[in-house]
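Q: Compute the structure for the input listed below.
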Amino acid sequence: MPTVTFTDSEGNQRTVDATAGDSVMETAVRNGVTGIVAECGGSLSCATCHVFVDDEDLDKLPEMEDMEDEMLYGTTEDRRPNSRLSCQLPVEDGTDLHVTTPKTQV
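A: From the prediction side, this is the model:
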C-alpha cells in the first residue's frame, strides 16, 4: 500500500496510508491532515493545497501542466522549485511520497 508522509512547517511528521489513484490532496483530506485546506476540492481553481515535494520524490510524479504552474503563483507562501499542488499529484501503487506543507494556505 502506498503512503504519503506529511511534514508540517514545524517539522512534525505524519505518515498515512493512501489509495492508489487518489491524489495527495484527497489522501490528506480523508485522513484529517492539517495544512491542506483544499477549498476547491481538487478542481484546480485555487492554491490551498500547495505542498513542497521532497526533492527525491519529484521524479516519481507527472510533469507539471500549465494550469497548475499558473495557480502556484497564487500561493500564500512563495513558491519554490519543488512546489506543487497536491490535488495534481496522483498516488500510485508501490510509491511512497514525502511532502511538506507551508505555514499557511490562506
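Q: Please give me every residue in contact with the residue nearest to the spatial centre of the chain.
A: Against the mean C-alpha coordinate of the chain, by Cα atoms, centre = their mean, the closest residue is residue 86 at 2.7 Å. Residue 86 makes contact with 23-25, 28, 36, 38, 49-51, 99, according to Cβ atoms under 8 Å, 6 or more residues apart in numbering. No exception for glycine: its C-beta is placed from N, CA and C like everyone else's.
Q: what do you get for residue 5?
A: 13-15, 96-99.
Q: which of these has the most neighbours?
A: Within the contacts of residue 5, residue 97 tops the neighbour count with 25 neighbours, counted by other Cβ atoms under 10 Å.
Q: Touching, it and residue 58? I think so.
A: No: between residue 97 and residue 58 there is no contact under Cβ atoms under 8 Å: 9.9 Å.
Q: Pick the one among the contacts of residue 5 closest to residue 4.
A: The closest of the contacts of residue 5 to residue 4 turns out to be residue 97 (Cβ to Cβ; 4.9 Å).
Q: Tell me if the closest one really is in a strand.
A: Yes: assessed with DSSP: H, G, I helix; E, B strand; the rest coil, residue 97 lies in a strand.
Q: is it in a bridge, and if so with what?
A: residue 4 (DSSP bridges).
Q: phi, psi of the residue nearest to the centre of the chain?
A: Backbone torsions of residue 86, given as degrees, to the nearest 10, read phi -70, psi -20.
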